[in-house]
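>>> need a 3D model of the following:
(one chain, ligands or ions: 2)
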Amino acid sequence: MNPRLLAFALTLALPLGAQTSKPDVFKRIDETKAVYDDIAMKIWSYAEIGYKETKSAALLQDRLKQEGFTVQAGVAGMPTAFTASYGSGSPVIVIMGEYDALPGVSQEAVPEKKARADATAGHACGHHLFGAGSAQAAVAVKDWLKASGQKGTIRFYGTPAEEGGSGKVYMVRAGLFKDVDVAFHWHPASANGVIMATSLANKSGKFRFAGVAAHAAASPERGRSSLDGVEAMNYMVNMMREHVPDSTRIHYIITRGGEAPNVVPAFAESYYYVRSPNRDVVREVWERVEKAAQGAALGTETKVEWEVTGGVYELLPNEALGRAMHENLQAVGGVKYTAEERDFAAKIGRTVLGQAPAPEMAELIPPFNPTPSGGGGGSTDVADVSWTVPTVGVRTATWAPGTPGHSWQAVACGGTSMGLKGMNVAAKTLAGTALDLFQQPDLITKAKAEFEKRRGSNFKYEALLGDRAPALNYRD
Ligand SMILES: [Zn+2]
Ligand SMILES: [Zn+2]
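Ligands and ions are numbered 1, 2, ... in the order given. This next block holds a predicted model:
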């Protein structure tokens, strides 16, 4: 047995009796680092896209079962969604974990662009770290509950297809958060900080145009181009951009545009996202996009149908929980690079557009800011959870400072020790905050009061994607 493996085997055999304080829990997280690093790297290499995360979900489930959690797989109509629970009674704290990769960003763990030979997708949003780090935190809290005799329940929710699939929305709709007091999340990033910025509400779907095929040169008058339908719709939507509220974001790609230039395409498809900081704006603009689709079909004598495949709210922050998590993040500290990692980070920094901050920025914990402006450029299905139960999250420096998400650079960093160090910071921060909540019921009461106030008394949850079943094939 090599010395590293021996050390690893010894840590697994450590008695749990000592873990009655927060430093003990942090220590235990360090001692079990190799186990969760291995899980994260396996999920990184599987690089499974939304609703296809079979191996990734199974790996996490196996670990949690071994740790004594009761696992229920295939919840809320999604084969790769699951819940894992330990303990009994209240409070009930859920730590969410994601594990879906992004299509088209395959990348080796090297600081120059180099696709993997064995994968087309990649963990460009770092969800391999998100899943493994959250599971590690849940297990650490479980060990502490066991050792300290504290009452309460810790759960890990395996939440698939965050990228466009809105997996958590179906879990909210299925009532899986009904008995939950507080939910935690975290996200890989290029800097550390508690997540107090809101995110963009987002509605997405596919517009499918049907035309009539014909020889494009010999009998074009007998054809009607489905691609014309797609292009006419895009043209109208692009003009619409001038007449929507500021900070609305509309993006599309053409997922099908015909097979050969000499055949009038009988089928074409576009994939749209409409985003805004306000979900009501999303609803309104989406309806106008639907009208553009209808107009395009009318003018090109094609037929159009659409399918809403995703829909998420804007994130609802919680200051009481944010402050508690910030204190824990501060106690844990940022990510310290070795000379080798600093070199890797500097190389990555030279490949991104604009001036990348110095690698040392990964060590910094910015002061707590309850109302940050901007910074919420993306969307997340965590948002729907945040309107259901008080929710808080942290981001940690898993990527070289300045690395944009959804990039090959993010896949590369996430596949190195830098990513795993960021995950370690997140696992400790989540576990530490959970300990605080279990030991301070007042904090939960305060968070709930703030949550009710922010949500408003008339709030009624209606998913942006309606009552559809999970779009399990949205990546096909
Ligand atoms: Zn993402
Ligand atoms: Zn993400």
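>>> which ones are touching the closest residue to residue 199 other than its chain neighbours?
Computed as Cβ to Cβ, 6 or more residues apart in numbering, the closest residue to residue 199 that is not its neighbour in sequence is residue 315, at 4.2 Å. Bear in mind the C-beta positions are built from the backbone N, C-alpha and C, glycine included. Taking Cβ atoms under 8 Å, 6 or more residues apart in numbering as the criterion, residue 315 is in contact with 195, 197, 198, 199, 376, 380, 382, 383, 386, 391.
>>> how is the second one assigned, secondary-structure-wise?
When you say that, I think you mean residue 197. coil (DSSP: H, G, I helix; E, B strand; the rest coil).
>>> surely it touches residue 372?
Yes: counting by Cβ atoms under 8 Å, residue 197 does reach residue 372; the two are 4.7 Å apart.
>>> what about the chain, any weak spots by pLDDT?
Low-confidence segments of the chain (pLDDT under 70): 1-18, 374-376.
>>> regarding the residue nearest to residue 199, what is its secondary structure?
Going by three-state DSSP: residue 315 is coil.
>>> what distance do you get for it to residue 128?
22 Å (Cβ to Cβ, to the nearest Å).
>>> and what of residue 358?
From residue 358 over to residue 128 (counting by Cβ to Cβ), the distance is 26 Å.
>>> and the strands in the protein?
Using DSSP state E, the strands of the chain run over 70-73, 82-88, 92-97, 102-103, 121-122, 152-158, 182-189, 193-194, 201-210, 249-256, 267-276, 303-312, 391-397.
>>> want to throw these into JSON lines with mean neighbour count and distance to residue 38?
Listed next are those as JSON lines, based on neighbours: other Cβ atoms under 10 Å; distance: least, Cβ to Cβ, whole Å:
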{"stretch": "strand 70-73", "mean neighbour count": "14", "distance to residue 38": "19"}
{"stretch": "strand 82-88", "mean neighbour count": "21", "distance to residue 38": "18"}
{"stretch": "strand 92-97", "mean neighbour count": "27", "distance to residue 38": "16"}
{"stretch": "strand 102-103", "mean neighbour count": "20", "distance to residue 38": "22"}
{"stretch": "strand 121-122", "mean neighbour count": "25", "distance to residue 38": "19"}
{"stretch": "strand 152-158", "mean neighbour count": "26", "distance to residue 38": "17"}
{"stretch": "strand 182-189", "mean neighbour count": "27", "distance to residue 38": "17"}
{"stretch": "strand 193-194", "mean neighbour count": "27", "distance to residue 38": "28"}
{"stretch": "strand 201-210", "mean neighbour count": "24", "distance to residue 38": "34"}
{"stretch": "strand 249-256", "mean neighbour count": "15", "distance to residue 38": "35"}
{"stretch": "strand 267-276", "mean neighbour count": "23", "distance to residue 38": "35"}
{"stretch": "strand 303-312", "mean neighbour count": "20", "distance to residue 38": "31"}
{"stretch": "strand 391-397", "mean neighbour count": "27", "distance to residue 38": "19"}
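>>> which one of those strands lies nearest to residue 33?
strand 391-397 (14.5 Å; Cβ to Cβ).
>>> thinking residue 411 is in contact with residue 110, fair?
No: taking contacts as Cβ under 8 Å, residue 411 lies outside contact range of residue 110: 10.2 Å.
>>> look up how far residue 283 lies from residue 456.
Counting by Cβ to Cβ - residue 456 and residue 283 are separated by 17 Å.
>>> now swap in residue 49 and tell me
Using Cβ to Cβ, residue 49 is found at 27 Å from residue 283.
>>> quick one: which of residue 358 and residue 128 has more around it?
Neighbours per residue (other Cβ atoms under 10 Å) separate residue 358 from residue 128, with residue 128 holding more: 32 against 14.
>>> I'd assumed residue 43 was in contact with the more buried one.
Yes: using Cβ under 8 Å, residue 128 is in contact with residue 43, at 3.8 Å.
>>> identify the residue spatially nearest to residue 421, adjacent ones excluded.
Nearest in space to residue 421, with sequence neighbours left out and distances taken as Cβ to Cβ, 6+ apart, is residue 335 at 4.7 Å.
>>> quick check on that neighbour: phi, psi?
phi -100, psi 120 (degrees, to the nearest 10).
>>> residue 428 is in contact with that one, correct?
No: counting by Cβ under 8 Å, residue 335 stays clear of residue 428, with 11.7 Å between them.
>>> could I get the contacting residues of the closest residue to residue 467 other than its chain neighbours?
Once flanking residues are discounted, residue 467 sits nearest to residue 173: 7.8 Å by Cβ to Cβ, 6+ apart. Residue 173 makes contact with 76, 463, 467, according to Cβ under 8 Å, 6+ apart.
>>> next: residue 402.
Contact partners of residue 402, counting by Cβ under 8 Å, 6+ apart, are 190, 348, 349, 352, 354, 355, 356, 357.
>>> of the residues you listed, just the buried ones, ChimeraX syntax please.
Of those, the buried ones go into a single ChimeraX selection, burial set by 16 or more other Cβ atoms under 10 Å:
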select :190,348,349,352,356
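>>> which of the contacts of residue 402 lies closest to residue 330?
residue 190 (19.0 Å).
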